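# need a structure here:
(2 chains)
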Amino acid sequence: MPEPAIVARDLRKGYGLKLAVDGLNLEVPRGSFFGFLGPNGAGKSTTIRMLTGLIPQDSGSIEILGYKLPQQELEIKRRIGLVPDESFLFDRLTGLEFLEFAGRMYGLPRATAVERAYGLMHLFELADDGKIIGEYSKGMRKRVAMAAALIHHPDLFLMDEPFEGVDAVGARLMKDILLNQVQRGATIFLTSHVLEVVERLCDRVAIIDHGKIVMCGSMEELRAGGESLEDAFVRIVGADRPMERLDWL
Amino acid sequence: MIAAILRAQFLSMRWGRRHGSIWRFLPLTVWYLFWLASAVFAFFLAREADLVFLRRDLPIGFLGVTVYWQFMPMLSASMGMGLDLRKLRIYPALHRDLFAVEVLLCFTTAVEMLLVIAGGVAGLLANQEAGGWAAAPRIIAPALILILFNALLASGTRSLLGRLLARRKIREVVILVTTCLWMLPRIFMQYRIHPKWLDPVARALRGPKFSWSAAAAAALGDLTPFLTLVLWLLAALWFGRAQFERNLRYDAVAAQAMVVRKDASRRRSLSGAFFAFPRLLWRDPLAAIVEKELRSLVRTPRFRMVFVMGFTFGILVWLPVVLGGTGARTSGGSSYFLVFVCVYALTMLGQVTYWNCFGFDRSATLFYFAAPQQISQVLIGKNIAAMVFVYLDVTILSAVVGTFHLTAGWGQVAETLVVVGICAVYMLGLGNMASVNYPRPLNPENVSRGGGSGRSQGLMLLFYPLALLPVFLAYLARWALNSELAFAAVLAIAAVIGGIVYWIGLDSAVIAAGAKREQLFAALTQSEGPIASE
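Got it, this is the predicted structure:
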């Protein structure tokens, strides 16, 4: 059996007195489409940033695709495709230029980077009209970010809200591409607040709340009681209490 | 509503202030101390002056105040700085209230003038010939009306210019021209130029029909000009309000987008060769980083502005000094002129390149840490790109200075290239450390002030002389020993030490970038306030 794509053990990260991630244990099997869910401020983005080596953990261990973080950081970075929650696109480059740049930064020969950049622009229905990224809409920026994550053909994708701000057509396109990547053996680890998307795409799910994993298992296990993912999620994070009422509202 | 908006803006600015430390306020303190001294000077001048002097020169003083006050919004609009109250349109605020906020904030753009007017008015109150304290209402009222007039006019001017200059290329030309105009009086004085039209114009400006002369006359006891002043105030109110309303409805994004698309493909083909050269000299990822930097910087209005200023300001500022008061060339000055202006250009470019090298990348800096290469490669790539533009400025300056025969020939050009290179090595080393320790996000559209954080701005004052010291010592050796060999030897030692400083700086920056990457991301993703003032 191949090693898991992600193994995190007793991961902790604090900001001042607040523990954003508090003893997180996680195992993501290779080739899975893994949904990482949690309420706002639960520690999802912090976890993704630690898994990519963007921020250091206070304690605990991380193994990505069999490589240890931070000791083999560059090996890991070469093999992952990242779509972070914040924009990491250079506003003064065109979409095509950014994709070529990303490819070359990930070690592709320039000719290959250019060829793949053109292909991805076409695949993501982005026009090469000389427009700089700073003028792109939010949905277009997300498409470029996802294209950049694909250009070096990674084995693992880490995606923080990849469908946020993307229209229905773009979202369908991105989902198809991601499913295609899973079929070829890649692993996808994504966070999303759109539970319908997670329900349809993911085969495994973990729920984080207050920095701890409160549930981890297959989609079938999660919905064993016949609940929808949304109902199960609300119940697990303890948010299924009656809504408070404000007199004036 | 007004209080809520001002409070929100104040709260948004807290973060930067808390982390700014004393360095952030050092240049500001010097600036306001200068204006405080001017206010004290205005006080003594007004207190000691006789009525003849006041009747002749008070209008000119008030004119100066008006010119300065109107120049500031012009400068801020052309730089893309300042307030954008359009963000507040989503709230059910009355336009009248928003306009009040705009006018209130206009006072902050000319605090200097408030100080000077206060000094002048206090001087008039202390001057018995002007009426003294007994005439306080008559002296203070016109001054207050003039202040309000200026704030309203400045608001209208800023709104009008903001729309006119929304097209980026126009903005850059205007900022260059206005700052050059700002130097015109100095050049006139330096060359003792006294155009014939100056006296009639000066006489006309003292005439009673203008707001400044009406305010001066009213302050000195004439009642009729008071009515003129009130009419000017009403006109300014109408102008300011009308322009503000038009500004609220204006779509700047649409105006800019049309300009960008028009010649994009032609520009791409022309610049292709320039952007391609890094891949001929270096391997990826270094070549990719240099190429990306060149592309990004060339498309950044703020950078373009400073780049152009690098070779224009140097000449405008220092040429009169070199040529001397009569316009004659001084041998000592001209032999160092090229070196001087090139080092000046190097320091200017520091603001937008090496001193805060992640500033324009902002949140995209994250990409460098996500991609599989050492951060040292990124810093070196950015340094190389900075040096490309530094040497472009040097080339242009050499051509201009050569055209006017202000150099001693090719030898001096070669010397300049070496000296600039050595100075740059020191500055890049220090700049790399500043970039990771004191990062600050920069708006690429805003052609405004320096690129470092408050602390790094203050450190610059300290580091620039330090970075230039080794080269200064080489020139000192040449002068003291009258020996080219001594000059070359000290320069060579300076170069070796510079190399060591650079590598230590780079190493230190890489370690700091690893340790402080969270702070780096946090600082670079910091947003502007609700009404976006920089």
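# Confidence-wise, which helix or strand of chain B is lowest on average?
Here the helix or strand of chain B ranked lowest by mean pLDDT, DSSP states H and E is helix B:14-18, holding a mean of 49.
# where exactly do the helices run in chain A?
Here chain A has its helices, by DSSP state H, at A:44-51, A:73-79, A:95-105, A:110-123, A:138-150, A:168-183, A:195-201, A:219-222, A:229-236.
# B:Trp212: which of those is closest?
Judged by CB to CB, the one of these that comes nearest to B:Trp212 is helix A:138-150, at 49.6 Å. All C-beta spots, glycine's among them, are computed from the backbone N, C-alpha and C.
# what mean pLDDT would you report for the closest one?
The predicted model gives helix A:138-150 an average pLDDT of 90.
# now the angle between helix A:110-123 and that helix, please.
140 degrees (axes from the mean of the first three to the mean of the last three CA atoms, to 10 degrees).
# and helix A:138-150, what does it pack onto?
strand A:80-83, helix A:95-105, helix A:110-123, strand A:156-160, helix A:168-183 (3 or more CB pairs under 8 Å, 6 or more residues apart in numbering or on different chains; DSSP states H and E).
# Give me the residues contacting it.
A:81-84, A:87-89, A:95, A:98-99, A:102, A:117, A:120-121, A:123-126, A:133, A:136, A:157, A:159, A:162-167, A:170, A:173-174, A:177, A:181 (CB atoms under 8 Å, 6 or more residues apart in numbering or on different chains).
# how about the residues of chain A near chain B?
Within chain A, the residues that sit near chain B (CB under 8 Å from any CB of the partner chain) are A:52-56, A:74-75, A:77-78, A:82, A:84, A:86-93, A:97, A:101-102, A:104-107, A:109-110, A:129-132, A:134-135.
# beta partners of the residue nearest in space to the middle of chain A?
For chain A, the residue sitting closest to the mean C-alpha position, by CA atoms, centre = their mean, is A:Met159 at 1.4 Å. Beta-bridge pairing for A:Met159 (DSSP bridges): A:Val83, A:Leu190.
# residue contacts, it?
By CB under 8 Å, 6+ apart, the neighbours of A:Met159 are A:82-83, A:146, A:149, A:188-191.
# which of those residues lies closest to B:Lys516?
Checking those against B:Lys516 with CB to CB, the nearest one is A:Leu82 at 20.5 Å.
# Need the pLDDT of that closest one.
For A:Leu82, the model assigns a pLDDT of 89.
# correct me, but it touches A:His152?
No: taking contacts as CB atoms under 8 Å, A:Leu82 lies outside contact range of A:His152: 10.9 Å.
# Where does the prediction get shaky in the stretch 401-534 of chain B?
Along the stretch 401-534 of chain B, the parts satisfying pLDDT under 70 run over B:404-408, B:446-458, B:526-534.
# Quick check: residues of it near chain A?
So the stretch 401-534 of chain B meets chain A at B:444, B:517-518, B:521, B:525 (CB under 8 Å from any CB).
# Drop anything exposed from the residues you listed.
The neighbour count (16 or more other CB atoms under 10 Å in any protein chain shown) marks B:444, B:517, B:521 as buried among these.
# What are the buried residues along stretch A:174-190?
Applying 16+ other CB under 10 Å to stretch A:174-190 flags A:174-175, A:178, A:181-182, A:186-190 as buried.
# and the closest residue to B:Asp284 other than its chain neighbours, how far is that from B:Trp282?
Leaving out its chain neighbours, the residue that sits closest to B:Asp284 by CB to CB, 6 or more residues apart in numbering or on different chains is A:Arg104, at 4.5 Å. As defined by CB to CB, to the nearest Å, A:Arg104 lies at a distance of 11 Å from B:Trp282.
# The two: who's more crowded?
The residue with more neighbours, out of A:Arg104 and B:Trp282, is A:Arg104; 27 against 18, by other CB atoms under 10 Å in any protein chain shown.
# Report the residue spans of the stretch 1-150 of chain B with pLDDT below the cut-off.
Residues of the stretch 1-150 of chain B that meet the criterion pLDDT under 70 lie in B:1-2, B:5-24, B:73-93.
# and with 50 instead?
B:15-18, B:80 (pLDDT under 50).
# what about the helices in it?
Ranges of helices in the stretch 1-150 of chain B, per DSSP state H, counting those that start in this stretch, are B:2-12, B:14-18, B:21-48, B:51-79, B:95-108, B:111-125, B:136-164.
# of those helices, which approaches B:Phe275 most closely?
That would be, of the helices of the stretch 1-150 of chain B and by CB to CB, helix B:51-79, which comes in at 27.0 Å.
# which other helices and strands contact the closest one?
Secondary-structure packing of helix B:51-79 (3+ CB pairs under 8 Å, 6+ apart): helix B:21-48, helix B:111-125, helix B:136-164, helix B:168-191, helix B:198-205, helix B:211-219.
# how about a cut-off of 7 Å?
If contacts are counted by 3 or more CB pairs under 7 Å, 6 or more residues apart in numbering or on different chains; DSSP states H and E, helix B:51-79 sits against helix B:111-125, helix B:136-164, helix B:168-191, helix B:211-219.
# Let me know whether A:Arg223 touches A:Phe233 as I believe.
No: in this structure A:Arg223 lies outside contact range of A:Phe233 using CB atoms under 7 Å: 10.6 Å.
# The two: which is more packed in?
Legend: neighbour count by other CB under 10 Å for A:Arg223 and A:Phe233, higher for A:Phe233 (23 against 15).
# Kindly provide the distance from the more buried one to chain B.
From A:Phe233 across to chain B, the span is 28 Å (CB to the nearest CB, to the nearest Å).
# Report pLDDT for that residue.
83.
# So it is in contact with A:His193, correct?
No: counting by CB under 7 Å, A:His193 is not a contact partner of A:Phe233; they are 10.0 Å apart.
# mind listing what A:Ile80 touches?
A:Ile80 is in contact with A:52, A:64, A:154, A:156, A:158, counting by CB atoms under 7 Å, 6 or more residues apart in numbering or on different chains.
# Report the closest residue of the stretch 351-500 of chain B relative to chain A.
In the stretch 351-500 of chain B, the residue that lies nearest chain A is B:Pro372 (3.7 Å; CB to the nearest CB).
# quick one: contacts for the nearest residue to that residue once chain neighbours are set aside?
With sequence-adjacent residues excluded and distances taken as CB to CB, 6+ apart, B:Pro372 is closest to A:Lys77, at 3.7 Å. Residues near A:Lys77 by CB under 7 Å, 6+ apart: A:53, B:370-372.
# which residues touch B:Leu220?
Applying CB under 7 Å, 6+ apart, the residues near B:Leu220 are B:54-55, B:58, B:130.
# 6 Å instead, please
B:Leu54 (CB atoms under 6 Å, 6 or more residues apart in numbering or on different chains).
# Give me the phi and psi for it.
B:Leu220 adopts backbone torsions of phi -100, psi 10, taken as degrees, to the nearest 10.
# about what we covered before: spatially, which two of the residues of the stretch 401-534 of chain B next to chain A are the most separated?
Maximum distance among these (CB to CB): 24.0 Å, for B:Pro444 and B:Glu518.
# Could you single out the nearest of the contacts of A:Ile80 to B:Gln351?
Distance to B:Gln351 across those (CB to CB) is lowest for A:Thr52, with 32.2 Å.
# what about that closest one, neighbour count?
A:Thr52: 23 neighbours (other CB under 10 Å).
# pretty sure it contacts A:Val83?
No: judged on CB atoms under 6 Å, A:Thr52 makes no contact with A:Val83 at a distance of 10.5 Å.
# Name the member of the contacts of A:Lys77 with the most neighbours.
B:Ala371 (26 neighbours).
# need the contact list for it.
Neighbour list for B:Ala371: A:Met105 [criterion: CB under 6 Å, 6+ apart].
# Check the spacing between it and A:Thr52 real quick.
Per CB to CB, B:Ala371 is found 11 Å from A:Thr52.
# Likewise for B:Ile147?
Distance from B:Ile147 to A:Thr52, by CB to CB: 55 Å.
# Which of the contacts of helix A:138-150 are buried, as a PyMOL select command?
A single PyMOL command is used to select the members of those judged buried by 16+ other CB under 10 Å:
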select buried, chain A and resi 81+82+83+84+87+88+89+95+98+99+102+117+120+121+124+126+133+136+157+159+162+163+164+166+170+173+174+181
